[in-house]
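[1] got a sequence here, can you model it:
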Amino acid sequence: MPKFFCCADNFPTSVYYIVGNEFCERFSYYGMRTILILYLTNILLLSDNNATALFHTFVMLCYFTPLMGAMIADGFLGKYRTILYISFVYMCGSALMSLTALPPQTTGSPEIVGPMIALLLIAIGTGGIKPCVSAFGGDQFIGGEVEMLQKFFAVFYFTINAGSVLSTFITPILRSDVQCFGEDCYFLAFGVPAVLMCISLFIFVLGRKKYKQFPPTGNIIGQVISAIFYALKNRFVKRKTDITKEHWIDWADDKYDAKLLTDIRNLFHVLFMYLPLPIFWALFDQQGSRWTLQAEHLDGQLGNWRVKPDQMMVFNPILIILMIPLFEVVIYPLIRFLRLPCRPLQRMGAGIFFAGLAFVIAGFLQLRLDSNELTFPKSNEGMLKIINAAPCNLDAELRGDTDQVLGHLAFANSSDQTILPLNNYTVTFLPQNCPLSDTSVYVPELTSEEADVAVVGLFNQSGVLQFETRQFKGQIVKPHRADALINVVYVIEPDILTNMSVILESDKNMYTIPFEFFNASAFVEIVPDTYTVLIPSQSPDDNKTHEEANIKLIAENGAIYTMVIQCNETLSLGSCQPIIVVHVDINPNTISIFWQIPQYFVITFGEILFSVTGLEFSYSQAPSSMKSCVQAAWLMTVGFGNLVVVIVAESRIVDSQAIEFFIFAGLTGVILLIFIAMALRYTYITPSVPETTDLTNLVDDKNQAEMSLRDPVANIEGKSYQE
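    Model prediction:
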């Protein structure tokens with residue numbers, strides 16, 4: 001590999017353009033996909049279920065469209081023109097995706113049509129070129145260059161993972177650490193992948209005079225589909241005759257060549273084993289949806305650096321690069337030494353098992369996460385929290401159908417969040433250690449499934465000090481971006497302060513939050529950091545609008561705060577000194593995001609066993625003329641796996657994310673038993689391979705490895721790999 005990048009090997013010049021094109025395209029695809037689920041929830045304001053369904057619909061299309069690209073390349077345009085034309089569609093989709101992240105999309109009133117069109121174009125683009133690029137790279141080698149071809153695919157695979165690792169790490173930084181139009185900069189985060197796609201197309205066109213190009217060789221996929229439909233039609237038409245056939249595909253023998261029909265029969269022998277495989281991809285691709293949404297509720301702080309939720313996906317390609325040599329040098333030799341059974345289908349079954357195990361781990365992590373989350377009010381229930389912003393202690397009693405003592409509210413303290421059935425209530429405040437002995441009665445108005453915050457203040461009403469309580473809408477849903485939320489309530493006589501805003505300032509961020517007298521500001525999403533709090537100056541004559549308050553705000557990810565500006569503990573409003581009191585409405589995320597690493601490790605372990613082995617199994621067992629059909633079918637199992645996730649997400653079978661993880665794990669266990677039963681009945685075959693075997697389908701560019709990393713020469717010669 002180093003020789004390739006140093007141009008020290010005798011590789012055809014054309015492959016350098018192809019490798020450069022692939023790196024930029026993979027950076028573009030994975031960069032966009034990494035931040036997609038957060039864009040859908042944070043900018044398009046979709047629910048977690050709808051965002052998950054849309055994310056997996058997009059991924060599904062990305063793996064159904066390769067069938068179209070293969071048919072166009074083989075039957076009409078050839079590989080070069082197919083890549084060229086479809087890449088242009090891809091580039092337009094990437095550019096449009098970036099434009100959909102501009103205002104007014106980011107101002108709270110998004111339109112979904114533009115992003116849908118962009119995602120459709122990207123799916124057509126990435127899927128359409130998927131079966132063509134690696135095959136076109138293989139076309140650049142003349143017959144007999146088997147060793148060079150293997151080196152090329154090793155470089156090609158490294159390029160895929162390099163693009164994936166870099167984009168998965170960089171695009172979340174562009175999204176989160178750069179601010180555009182007062183929001184996370186999705187425009188830049190989508191824009192960089194769009195630029196990389198333009199560069200990808202430019203590099204590809206740059207090498208046009210150096211490529212070895214071959215005319216379309218015939219649409220074998222189209223022939224197979226036509227033969228299948230003709231056989232089914234013929235069987236239906238002649239269903240009442242006495243004619244019998246050994247195999248249903250033989251009903252096409254009056255029109256199609258016997259060798260084609262034999263190859264189709266052998267093809268179905270392999271494809272039958274594909275039926276349970278989508279379950280693996282249903283689990284694997286949730287790294288970009290459910291696992292990322294889970295990471296939003298975890299603590300990503302690592303010293304002074306914060307890991308973004310969408311950056312956790314970088315562990316998969318990194319672990320792939322690290323673990324494949326481990327498998328080749330340690331695990332597989334050890335299995336052979338111990339003489340353990342390890343044929344391809346057995347390894348694939350083990351991969352499915354580890355994917356299910358990863359979801360069991362994810363489920364237990366979610367249970368632990370849910371135990372730390374606030375219990376939400378249900379239908380016909382509300383939630384109430386009371387904040388004491390009066391300059392003395394209070395006792396609070398709730399009266400209604402069920403009398404309840406809310407407790408002693410010391411100065412500048414608050415009650416816990418209390419869930420109450422929707423009913424008529426009164427809250428009586430009894431002053432303690434306070435010259436004022438009059439009680440104050442407040443009538444809360446609760447809202448179903450929502451939180452309300454009541455703030456008690458003391459004001460001068462026509463020369464008489466009186467308690468007053470006002471109720472504001474609270475917030476109990478944690479911010480999607482693992483940031484913090486804060487609002488400001490001003491509980492001081494309006495003539496004390498003049499400039500009605502608070503400034504939160506840190507080394508990297510600054511937020512201005514306007515407020516009104518005895519009212520709550522809107523909730524503002526802020527990046528977790530330590531902030532200096534600047535409140536309106538009491539001495540406007542010194543030309544300073546704000547002065548530093550008595551506290552620092554340490555905003556932690558996932559927390560929700562109510563900041564109250566109130567008087568210090570004095571009953572003389574004339575001598576009121578404004579102080580800041582921060583009340584924690586929702587506790588911050590306390591479980592480290594790095595608790596996700598075990599589930600990433602286990603599912604990556606399963607990926608190597610399942611995916612790399614599955615490609616090897618498919619290639620070694622399929623007839624030589626059916627390699628492209630097998631590759632298309634393999635990619636379609638990814639699409640069907642994502643369809644499973646769409647169905648589960650849209651059906652909303654359960655409300656608990658932990659239970660959903662366990663359902664997927666249980667479903668995987670059931671399907672694994674079916675797969676084991678099928679594998680026990682499977683008969684391995686050794687297809688005959690002509691000397692002109694196409695060597696170009698050895699790589700599937702879904703972040704995978706060569707068709708067989710253990711013995712690629714054996715695959716080239718058409719031998720089934722046997723341990």
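[2] can you give me the helices for the stretch 201-350 of the chain?
    Per DSSP state H, counting those that start in this stretch, the stretch 201-350 of the chain carries helices over the ranges 220-237, 258-271, 278-284, 290-295, 315-326, 332-337, 344-372.
[3] adding distance to L667, write the ones you listed out as a markdown table.
    The way it works is simple: take the backbone N, C-alpha and C, and place the C-beta from them, glycine included. Below are the helices of the stretch 201-350 of the chain laid out as a markdown table (distance: least, C-beta to C-beta, whole Å):
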| stretch | distance to L667 |
| --- | --- |
| helix 220-237 | 29 |
| helix 258-271 | 21 |
| helix 278-284 | 7 |
| helix 290-295 | 14 |
| helix 315-326 | 22 |
| helix 332-337 | 28 |
| helix 344-372 | 8 |
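[4] mind putting the ones you listed into JSON lines with mean pLDDT, distance to Y16 and mean neighbour count?
    Putting these into JSON lines (pLDDT from 0 to 100; distance: least, C-beta to C-beta, whole Å; neighbours: other C-beta atoms under 10 Å) gives the following:
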{"stretch": "helix 220-237", "mean pLDDT": "89", "distance to Y16": "30", "mean neighbour count": "16"}
{"stretch": "helix 258-271", "mean pLDDT": "89", "distance to Y16": "35", "mean neighbour count": "18"}
{"stretch": "helix 278-284", "mean pLDDT": "97", "distance to Y16": "31", "mean neighbour count": "26"}
{"stretch": "helix 290-295", "mean pLDDT": "94", "distance to Y16": "35", "mean neighbour count": "24"}
{"stretch": "helix 315-326", "mean pLDDT": "88", "distance to Y16": "21", "mean neighbour count": "17"}
{"stretch": "helix 332-337", "mean pLDDT": "88", "distance to Y16": "32", "mean neighbour count": "12"}
{"stretch": "helix 344-372", "mean pLDDT": "95", "distance to Y16": "34", "mean neighbour count": "20"}
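[5] report the contact partners of the residue most central in space within the chain.
    With distances taken as C-alpha atoms, centre = their mean, G288 lies nearest the centre of the chain, 2.4 Å away. Contact analysis of G288 by C-beta atoms under 8 Å, 6 or more residues apart in numbering lists R33, T34, L36, I37, F55, V59, M313.
[6] tell me which of the helices of the stretch 201-350 of the chain lies nearest to M678.
    Of all the helices of the stretch 201-350 of the chain, helix 344-372 sits nearest to M678, with 8.3 Å by C-beta to C-beta.
[7] next structured bit after that closest one?
    strand 381-388 (DSSP states H and E).
[8] C-terminal to that next one, what's the next element?
    That would be, after strand 381-388 and using DSSP H and E, strand 393-399.
[9] put the alpha carbons of that next one into CSV.
    C-alpha atoms of strand 393-399 as CSV (Å, rounded to 0.1, in the frame of the first residue of the first chain):
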residue,chain,number,x,y,z
ASN,A,393,-38.8,31.3,53.5
LEU,A,394,-42.2,29.7,52.6
ASP,A,395,-44.1,26.6,53.3
ALA,A,396,-46.3,25.4,50.4
GLU,A,397,-49.5,23.3,50.7
LEU,A,398,-51.4,21.9,47.8
ARG,A,399,-55.1,21.5,48.2
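[10] from the chain's centre, how far out does that strand sit?
    Relative to its chain's centre, strand 393-399 lies at 46 Å (C-alpha atoms, centre = their mean, to the nearest Å).
[11] pull out the buried residues from that strand.
    Judged by neighbour count using 16 or more other C-beta atoms under 10 Å, the buried positions of strand 393-399 are N393, L394, A396, E397, L398.
[12] what distance do you get for the fourth one to I160?
    Distance of E397 to I160, given as C-beta to C-beta, to the nearest Å: 66 Å.
[13] swap in the second one?
    L394 sits at a distance of 64 Å from I160 (criterion: C-beta to C-beta).
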